[in-house]
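**Q** need a structure here:
(chains A and B)
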Protein chains: 2
Amino acid sequence: MNSFFNPDGVAIIGASDNPVRGGYRILKNASGGYKGRIYPVNPKHDSILGMKCYPAVSSIPCDFDLAIYFIPAIFLPSVIEECAKKNVRGIIIESAGFAEVGAEGKKLQEECKALAVKHNIRLWGPNCMGLLDGHSRNVFSFMHTDSWKTLMIPGSVSMIVQSGMLSAAFLMMILERGGMGVSKICSIGNKCDVNETDLLEYLIDDPLTGVIGLYTESIVNVRRFMKLCQSTTKPVVVLKGGRSPSGARAALSHTASLAGNYSIMKHALKQSGAIPAYDFTELMDILRGFSKTGCSKNDGGTAVITFSGGGGIVTSDFLHDFNLPLASLSGETLKSIKEVFPSWMDPSNPVDVWPAIEKNGMETVYSKVVEAVMHDSGVDSLIIHIFSGRCDSGLFRELGRLKEALAKPVIAWLAGEGEPLRALKRDLEDMGIPVFEEMGRGVRFLHAAKQHYSKNPCNPNVSGL
Amino acid sequence: MNSFFNPDGVAIIGASDNPVRGGYRILKNASGGYKGRIYPVNPKHDSILGMKCYPAVSSIPCDFDLAIYFIPAIFLPSVIEECAKKNVRGIIIESAGFAEVGAEGKKLQEECKALAVKHNIRLWGPNCMGLLDGHSRNVFSFMHTDSWKTLMIPGSVSMIVQSGMLSAAFLMMILERGGMGVSKICSIGNKCDVNETDLLEYLIDDPLTGVIGLYTESIVNVRRFMKLCQSTTKPVVVLKGGRSPSGARAALSHTASLAGNYSIMKHALKQSGAIPAYDFTELMDILRGFSKTGCSKNDGGTAVITFSGGGGIVTSDFLHDFNLPLASLSGETLKSIKEVFPSWMDPSNPVDVWPAIEKNGMETVYSKVVEAVMHDSGVDSLIIHIFSGRCDSGLFRELGRLKEALAKPVIAWLAGEGEPLRALKRDLEDMGIPVFEEMGRGVRFLHAAKQHYSKNPCNPNVSGL
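**A** Sure thing, here's the model as predicted:
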């Protein structure tokens, strides 16, 4: 499996010199990051992008580990034969036209699979977008953007995505919204051989991966998948496509996946400790949360420190929806907070600090309240609401320290605008305080974290990367 | 009521020259937009921001319509008396310290209310953030930012928000995420007199308002509120804070609101045609959707045109969740689409156009598919998924025209990054195609639109503004 991620030599079959073609992008992306030998293959060219181009795999002078296939489906069997002679270990098939197009394509796919097994070659795809690696910078994909070079920050989040285009869209969303470092993104398409369960196993063993997310239309080997989830302390978050009858029908034509009965699968996933996600944003939010928060206890309630009474109320509603109790603050905590509150206002949880701030200033109030609330033994987690225009990062430094020292996760919801908001978001996330665009999404993550860490020990892989 | 929005003369009681104080911001904001007479009131200053400052209301030389109150609660009764002598019609009380602080504050609030009734003065608040008007540019609020000047685009969306800080946060979110023009934002706090129902009535009659959103912790007069909702063709979207027992308790201390039984209220709202929102983002998404889409039929199914099989599958799942049928495309439509599809691929709904685009190019395929799908009589609405890096706005111009001509709403989900994404989003929304960050949110809006317009005629106020 490692030959896919760290190959010794890569051939690109169907490399093109036309910038709108996928075969050009694959070559451009690979040469933009991968440090090893690259062999473009295309009988129509002598060289592309300054690299010598070979008319066929057979004309490549050395053995190599990995081939990326991007020519019509029909040629795959002969290419597998040629690759076998070069001791190729794996082929990433990014072309479509296999099982997803009907009986004939299915037959072709099965034939290729048998041939590959015979030659001890693993097949990745077909009908997929390949892989990206945030650490090695290997990008074996036809994705149409160079932005990964600057935007892809190495980190702990790995993803397995069954849909080709989606993995590119995903990645761009992850990079754009910021704050989430990437380990490996794997787009697996029809998964005629390498499937989500193989990759889950690989990523569980990967020291550079701390959190694993999946978008999948089917799980090939549910039992093995569940066992793997149970075997790891890394959070595994799963978005299942094709939950509905109409979605399942669409999945069949998309990647020839039999989506299976979702209610059974959902139950099985939960039992194995995997975390179900409802949609792409939830999947990404939970992954980002886990990539910042490696620890959580589950022995108290959640405190809310807000600038807005309304925000506190709605957050209470969300906590209730997820069965997360609001912390009962101790008498000592309330007494301490009361010192900075206006005389007419008695503190309670959610702690609406705005009137106190109007009276005693931001810093005095915030440090007092944070200190008291975080040390309260009835508080196991904290949600903060912030208006970015009114606060700078320094205000939260002590909170960042306390959260580590006390192993109490802190999540933030930010309102505000423009660059001040983005800067504060970056700083908070660097302190290990994940920021959510929506209060409800943050509560959803907190629920997942408390559930996960009540069954698993802290995950040093996560924040350490 | 109009005196609040278009007053002839405004006094600012508690105007301050200290930029961190609310009393400074109120004056700064008012003088930044309001074209009428402004009277700062503060005995400590002779002038603030170049305006003559008066020691008391009684020393203002002329009558005026509106007072904005931002001094401690205890002085309000005497200020009401003084205002009565100046023929004041309304007072916006932005200070806290009334019913939300307990029995004494409640007594004070009731006393003030009685006094105001006696003098025929309407009270707005207390414990609120005032109002903003996108058209007149009147901003009577202590919100701490100048960004409204450039970011607040006049439009059709009005909001009533019970929470002070939230209305500022809301507004900033609306402005930041773009695309939603603002008519009136009203923050009503404890609503000792002017309440959500009064404002709903005002906004229903307001020709510059096309869509109305509410965040409220309680509805004072549910029956009147429901009647108003039933009486209008304007969509009314309601987010209720304090759904849960803990949220309801927090609401009590926030704005002294008795949140009431949510399940009863939710049922009542639905019966009256109001649209419930689950969270702030959903509220904003639905409002933005309605501000772009003034029409929808409900006599067919939804078509999906996607670049990603996975996106189509997940969207099918969401449609199923909301009980919205996927359109069955006619034989004629399928035949027409097939002309640009690869031979191995038979079109179905969701229509995954990517393989066809790889074969025949973006423009040929897109115009063909859009034309065929939009004219299919079984299609009453369309969802498009776009990768912004691959498309420019011109591609969607014909779709923008068809959507109007056929009264079939089109919504979009965009993936991509940076300025190209933001530019495409702006262009699509200018064409009346609302863009959603999440597929599921878009489907939620489509559900709301189909429900609303199946009971109400098209709303020319919406897109015409």
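**Q** Show me where the stretch 301-450 of chain A has its helices.
**A** A:309-321, A:331-338, A:354-360, A:362-375, A:397-406, A:418-430, A:439-455 (DSSP state H, counting those that start in this stretch).
**Q** relative to helix A:309-321, how tilted is the last one?
**A** Here the directions of helix A:439-455 and helix A:309-321 differ by 40 degrees (axes from the mean of the first three to the mean of the last three C-alpha atoms, to 10 degrees).
**Q** how about the helices of the stretch 301-450 of chain A, which one is nearest chain B?
**A** Among the helices of the stretch 301-450 of chain A, helix A:309-321 comes nearest to chain B, with 2.5 Å by C-beta to the nearest C-beta. In this view, the C-beta of every residue, glycine as well, is placed from N, C-alpha and C.
**Q** Convert the C-alpha atoms of the closest one to CSV, please.
**A** C-alpha atoms of helix A:309-321 as CSV (Å, rounded to 0.1, in the frame of the first residue of the first chain):
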residue,chain,number,x,y,z
GLY,A,309,-28.0,36.5,26.0
GLY,A,310,-29.7,35.2,22.8
GLY,A,311,-26.6,33.3,21.8
GLY,A,312,-26.6,31.6,25.3
ILE,A,313,-30.2,30.7,24.9
VAL,A,314,-29.9,29.1,21.5
THR,A,315,-26.7,27.3,22.6
SER,A,316,-28.6,25.9,25.6
ASP,A,317,-31.2,24.6,23.1
PHE,A,318,-28.5,22.9,21.0
LEU,A,319,-26.9,21.3,24.1
HIS,A,320,-30.3,20.0,25.0
ASP,A,321,-30.8,18.6,21.5
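**Q** Which strands and helices lie in contact with it?
**A** Helices and strands touching helix A:309-321, by 3 or more C-beta pairs under 8 Å, 6 or more residues apart in numbering or on different chains; DSSP states H and E, are strand A:301-306, strand A:351-352, strand A:379-387, helix A:439-455, helix B:164-177, helix B:245-255.
**Q** From the contact counts, what lies against the first one?
**A** Packed against strand A:301-306, as judged by 3+ C-beta pairs under 8 Å, 6+ apart, are the following elements: helix A:309-321, strand A:351-352, helix A:362-375, strand A:379-387.
**Q** How far off centre is that strand?
**A** Relative to its chain's centre, strand A:301-306 lies at 27 Å (C-alpha atoms, centre = their mean, to the nearest Å).
**Q** Same check on the third one?
**A** Here strand A:379-387 shows a centroid-to-chain-centroid distance of 24 Å under the convention C-alpha atoms, centre = their mean.
**Q** quick one: average confidence on it?
**A** Averaging pLDDT along strand A:379-387 yields 94.
**Q** angle of that strand against helix A:397-406?
**A** Angle, strand A:379-387 to helix A:397-406, by the same axes, to 10 degrees: 160 degrees.
**Q** residues of strand A:379-387 that come out buried?
**A** Judged by neighbour count (16 or more other C-beta atoms under 10 Å in any protein chain shown), strand A:379-387 contains these buried residues: A:379-387.
**Q** Now narrow those residues to whatever sits close to chain B.
**A** Counting by C-beta under 8 Å from any C-beta of the partner chain, A:Phe387 from those sit close to chain B.
**Q** ok, which pair from the buried residues of strand A:379-387 is furthest apart?
**A** A:Asp380 and A:Phe387 (25.7 Å; C-beta to C-beta).
**Q** Let me have the helices and strands packed on strand A:301-306 in JSON lines, extended by distance to B:Asn323.
**A** Below are these laid out as JSON lines (distance: least, C-beta to C-beta, whole Å):
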{"stretch": "helix A:309-321", "distance to B:Asn323": "22"}
{"stretch": "strand A:351-352", "distance to B:Asn323": "39"}
{"stretch": "helix A:362-375", "distance to B:Asn323": "43"}
{"stretch": "strand A:379-387", "distance to B:Asn323": "33"}
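**Q** Out of the ones you listed, the one nearest B:Ala116 is which?
**A** helix A:309-321 (23.7 Å).
**Q** orientation of that closest one relative to strand A:301-306 in degrees?
**A** Going by the same axes, to 10 degrees, helix A:309-321 makes 160 degrees with strand A:301-306.
**Q** what does the average pLDDT come to for helix A:309-321?
**A** Rounded mean pLDDT across helix A:309-321 is 92.
**Q** Now do it: distance to the chain's middle.
**A** Counting by C-alpha atoms, centre = their mean, helix A:309-321 comes out at 27 Å from the chain centroid.
**Q** What of stretch A:196-207?
**A** So, by C-alpha atoms, centre = their mean, the centroid of stretch A:196-207 is 14 Å from its chain's centroid.
**Q** And stretch A:112-121, by the same measure?
**A** Its chain's C-alpha centre and that of stretch A:112-121 lie 31 Å apart, by C-alpha atoms, centre = their mean.
**Q** Only the buried residues of it, if you could.
**A** A:112-113, A:115-116, A:121.
**Q** now what about that stretch, what contacts it?
**A** Here stretch A:112-121 makes contact (C-beta atoms under 8 Å, 6 or more residues apart in numbering or on different chains) with A:76-77, A:80-81, A:83-84, A:88-91, A:98, A:122-123, A:192-193.
**Q** Return the member of these nearest to chain B.
**A** A:Phe98 (9.5 Å).
**Q** What sits closest to that closest one if chain neighbours are left out?
**A** With sequence-adjacent residues excluded and distances taken as C-beta to C-beta, 6 or more residues apart in numbering or on different chains, A:Phe98 is closest to A:Gln109, at 4.1 Å.
**Q** and if you look at A:Phe341?
**A** Using C-beta to C-beta, 6+ apart, the nearest residue to A:Phe341 is A:Ala356, at 4.7 Å.
**Q** what residue ranges in chain A score low on pLDDT?
**A** Chain A contains residues with pLDDT under 70 at A:164-179, A:254-260, A:459-465.
**Q** Please repeat the previous calculation with a cut-off of 50.
**A** A:463-465 (pLDDT under 50).
**Q** domain ranges for it?
**A** A:1-127, A:128-292, A:294-464 (automatic domain parsing).
**Q** deepest of those domains, which one?
**A** Burial of these is given as mean neighbour count (mean count of other C-beta atoms under 10 Å in any protein chain shown); domain A:128-292 ranks first at a mean of 22.
**Q** returning to what we had before: can you say which of the helices of the stretch 301-450 of chain A is nearest to B:Met1?
**A** Across the helices of the stretch 301-450 of chain A (criterion: C-beta to C-beta), the nearest stretch is helix A:309-321, sitting at 23.1 Å.
**Q** quick one: that closest one to helix B:245-255, angle?
**A** Taking the same axes, to 10 degrees, helix A:309-321 and helix B:245-255 form an angle of 170 degrees between their directions.
**Q** Next up, phi/psi of A:Met159, please.
**A** phi -140, psi 150 (degrees, to the nearest 10).
**Q** Find the residue closest to it in space, skipping its chain neighbours.
**A** Excluding the flanking residues, the one nearest A:Met159 by C-beta to C-beta, 6+ apart is A:Gly213, at 4.5 Å.
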